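Colleague: Generate a structure from the sequence data that follows.
(2 chains)
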Amino acid sequence: MTAPMFLESRTRHIRATWAKRCDKTLYMSSVSSAFPTVGLNVSEGRENLYWKTIEAFRYIHKHHMDDADWFLKADDDTFLVVENLRYLLSKFDKEKPLYMGKRYSPFVNQGYMSGGAGYVISKEALRRFVKGFETGECTHFSSIEDMALGKCMETMKVEAADTRDIKGRERFNPYPPELLMTRQLTRSRPWFLSYDTYETQAGPNCCSDFVVSFHYIKPEQLYVLHYLTYHLRAYGYKYRFNPDEQNPKKLQI
Amino acid sequence: MLSEGSSFMKGVFLGGLFCLVLSLLSSFSPSTESGPEDLHHHHHVMAPSKDELTRFSDSRMQELINQVRVSCIIMVQPKLIVYWATAVDTWSKHCDKAVFYTSEPSKALEAVDLNEKDDWARLRKALRHAYETAGDLRWFFIAKATTFAIIENLKYLVLAKDPSQPFYLGSAMKSGELEYVTYDSGIVLSYEALKRLVNVFQDEDKCPERGRALWKLSEDKQLAVCLKYTGVFAENGEDAHGKGLFNSNSVETLIKDSMKDNPNNVVEGCCSDMAVTFNGMSPSQMQVMMFGVYRLRPYGHDHLDSLVFLPPEGSDND
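Modeller: Numbers count the residues shown, from 1 in each chain, chains lettered A, B, ... in the order given. Model (predicted):
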């Protein structure tokens, strides 16, 4: 999701880094352009964000349903590791109505997924979302996009999934790594008073080795994270975390 | 009597001025600092290519892995306590031996207190101590608390090099006629180089403990001067493609530069995949580096490296 004023400063760098690894990428904006962006005929601004999301999913439902099995929504300041998203999704049944991301507990019984950290819905979930607005089961009852979408998912009986790794570490992250990786001796607020559904640790165990996303990532940080993910490494280092080691049959990507 | 006295004073004054000018000229060489563009004039040491390593037999490879053990000499001070603590908690765990040398003691963290305020004298003491307590370690890495290092990549760089030969590596810079390794991005010495250095420390003419010139040379240049007398010269550490492995800047700074210089190829135009050091990163950025270097990776991308380095014991951030 982006806007005309961010194409040069932000979206261009998303395109240069992770966007190319998706099977299909669409840049949603209020105005169509040669970037290319899809013009959704919705004004920019926080109060219109949910309208924009609704129109974006309607557009995809109309024109791109068969282009994919899973549909990811991310912001123009989200960093994403597409291979790790594929790895995660391979564990789920793509025919089911499913909804994944960084899970928050308040307002919606089954929880809702953080918008900035990026969330993914299955094809069936997308069908039900669009249908919900046709039948009136889902409405624009709030402009808080991620929470409102989560409410619609619950109403349409789309299941919110737990996407932590086997060590209980989050894959979708609503903040940059510098904020999450620093060990905190005392938390400003205990985790159960935050929105987090799962108890998350500050420090190295916040996030999975096969992390999917970080949010509030400035353009230079996109390249820094890209370098750290795909280029810089410790030669010969035997990784501690090898989830496939018990199961020798490795998944083909 | 008065006129003789005043001539004498004039003589003293002129003589003093003459000495001042002379020592200024001897200590201050016109520094035309040259950087990476001048690489072809530097001596350089390149990391082995993939092919080179496959030529070694398994037993030879095991010998090389056993030999390439690194002793880290980390120079710290209480005023940089957060960097000090971060070095303890992050990259230094990957050294075979890591010793912290401080200018003054701290109640919070352990270190060898050299009780020496002068930076060059302190470095000398640290190096002598490291040499005397080397045991069977044959490679020495000198860093400040503000440097971040990836020791496995250092080992890869020197894997096939014989430490009983003199090696003095890092980011090689030139200051006039003097080629030296910059301190900020870490200094690597083989056992032989360190041995020669510790020996020349005894020569107060070639390698004085307190610089006699009015303008003191920085420690890294001083080190180069002393080593030069023993026949050891600075070499630039590079990967198999000629990219520098020792960086005096942070990843973010280098990426920002690359965004300006190579806007269509930012990451490839930036830094080596096998980089050994970065400098000027904040403590929380160093924690992110531990994650980025030792854990974060895209599922399904496997590297078939010719050797294995095991994770250190009792560590949770790698």
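
Colleague: All the helices of the chain, in order from the start?
Modeller: Went with chain A since none was named. Assigned helices in chain A, in chain order: A:12-16, A:49-63, A:82-89, A:123-135, A:145-155, A:177-181, A:219-230 (criterion: DSSP state H).

Colleague: You answered for a different chain; I wanted chain B.
Modeller: B:2-27, B:50-54, B:58-67, B:81-89, B:119-132, B:151-158, B:191-200, B:219-229, B:251-261, B:283-294.

Colleague: Closest approach to chain A from the stretch 151-300 of chain B, which residue is it?
Modeller: B:Gly292 (3.1 Å; Cβ to the nearest Cβ). From N, CA and C alone the C-beta is placed, and that goes for glycine too.

Colleague: That residue - how many residues pack around it?
Modeller: Close neighbours of B:Gly292, defined as other Cβ atoms under 10 Å in any protein chain shown, add up to 22.

Colleague: ok, the nearest residue to it once chain neighbours are set aside - contacts?
Modeller: Using Cβ to Cβ, 6 or more residues apart in numbering or on different chains and skipping residues adjacent in sequence, the residue nearest B:Gly292 is A:Leu228, 3.1 Å away. A:Leu228 makes contact with B:Val251, B:Val288, B:Met289, B:Phe291, B:Gly292, B:Val293, B:Leu296, according to Cβ atoms under 8 Å, 6 or more residues apart in numbering or on different chains.

Colleague: can you tell me how far the fourth one sits from A:Tyr237?
Modeller: Spelled out, that is B:Phe291. Distance of B:Phe291 to A:Tyr237, given as Cβ to Cβ, to the nearest Å: 13 Å.

Colleague: and what of the second one?
Modeller: According to Cβ to Cβ, B:Val288 stands 17 Å off from A:Tyr237.

Colleague: And the third one, by the same measure?
Modeller: As judged by Cβ to Cβ, B:Met289 and A:Tyr237 stand 13 Å apart.

Colleague: neighbour count winner among those two?
Modeller: Set B:Met289 next to A:Tyr237 and count neighbours by other Cβ under 10 Å: B:Met289 wins out with 25 against 22.

Colleague: pretty sure that one contacts B:Phe148?
Modeller: Yes - at 5.6 Å, B:Met289 and B:Phe148 qualify as touching, with contact defined as Cβ atoms under 8 Å.

Colleague: follow-up on the earlier one: can you flag the weakest of the helices of chain A by average pLDDT?
Modeller: Confidence, taken as mean pLDDT, is least for helix A:177-181 of those (a mean of 93).

Colleague: counting contacts, what elements does that one pack onto?
Modeller: Secondary-structure packing of helix A:177-181 (3 or more Cβ pairs under 8 Å, 6 or more residues apart in numbering or on different chains; DSSP states H and E): helix B:283-294.

Colleague: Kindly export the helix it packs on (C-alpha atoms) in CSV.
Modeller: C-alpha atoms of helix B:283-294 as CSV (Å, rounded to 0.1, in the frame of the first residue of the first chain):
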residue,chain,number,x,y,z
PRO,B,283,25.3,-1.0,20.6
SER,B,284,21.8,-1.8,19.5
GLN,B,285,22.9,-2.0,15.9
MET,B,286,25.6,-4.4,17.0
GLN,B,287,22.9,-6.6,18.5
VAL,B,288,21.1,-6.5,15.2
MET,B,289,24.3,-7.5,13.4
MET,B,290,24.5,-10.6,15.6
PHE,B,291,21.1,-11.5,14.4
GLY,B,292,21.8,-10.5,10.8
VAL,B,293,25.1,-12.3,10.5
TYR,B,294,24.6,-15.5,12.6
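
Colleague: And the average pLDDT for it is what?
Modeller: Averaged across helix B:283-294, the pLDDT comes to 97.

Colleague: Return the residue spatially closest to the residue most central in space within chain B, with its sequence-adjacent residues excluded.
Modeller: Nearest to the mean C-alpha position of chain B, by Cα atoms, centre = their mean, lies B:Ile187 at 1.8 Å. Counting by Cβ to Cβ, 6+ apart, the nearest residue to B:Ile187 once its immediate chain neighbours are dropped is B:Ile142, at 4.3 Å.

Colleague: Over to B:Tyr83?
Modeller: By the measure of Cβ to Cβ, 6+ apart, the closest residue to B:Tyr83 outside its immediate chain neighbours is B:Ala145, 3.9 Å from it.

Colleague: Also B:Asp318?
Modeller: Per Cβ to Cβ, 6+ apart, closest to B:Asp318 is B:Tyr294, 3.8 Å.

Colleague: Mutual contacts of B:Met289 and B:Phe148, please.
Modeller: Taking Cβ under 8 Å, 6+ apart as the contact rule, B:Met289 and B:Phe148 both touch B:Thr90, B:Trp91, B:Phe278, B:Met281.

Colleague: And the residue of the stretch 151-253 of chain A closest to chain B?
Modeller: In the stretch 151-253 of chain A, no residue comes nearer to chain B than A:Leu228, which is 3.1 Å away by Cβ to the nearest Cβ.

Colleague: circling back: isn't the residue of the stretch 151-300 of chain B closest to chain A up against A:Leu232?
Modeller: Yes - with contacts counted by Cβ under 8 Å, B:Gly292 reaches A:Leu232, the gap being 6.6 Å.

Colleague: Just the mean pLDDT for stretch A:156-167, thanks.
Modeller: 96.

Colleague: How about residues contacting it?
Modeller: Outside stretch A:156-167, the residues touching it (Cβ under 8 Å, 6+ apart) are A:88, A:92, A:96-101, A:103, A:110-113, A:121, A:124-125, A:128-129, A:131-132, A:137-138, A:150, A:153-154, A:170-172, A:198, A:205, A:208-210, A:212, A:241, A:243.
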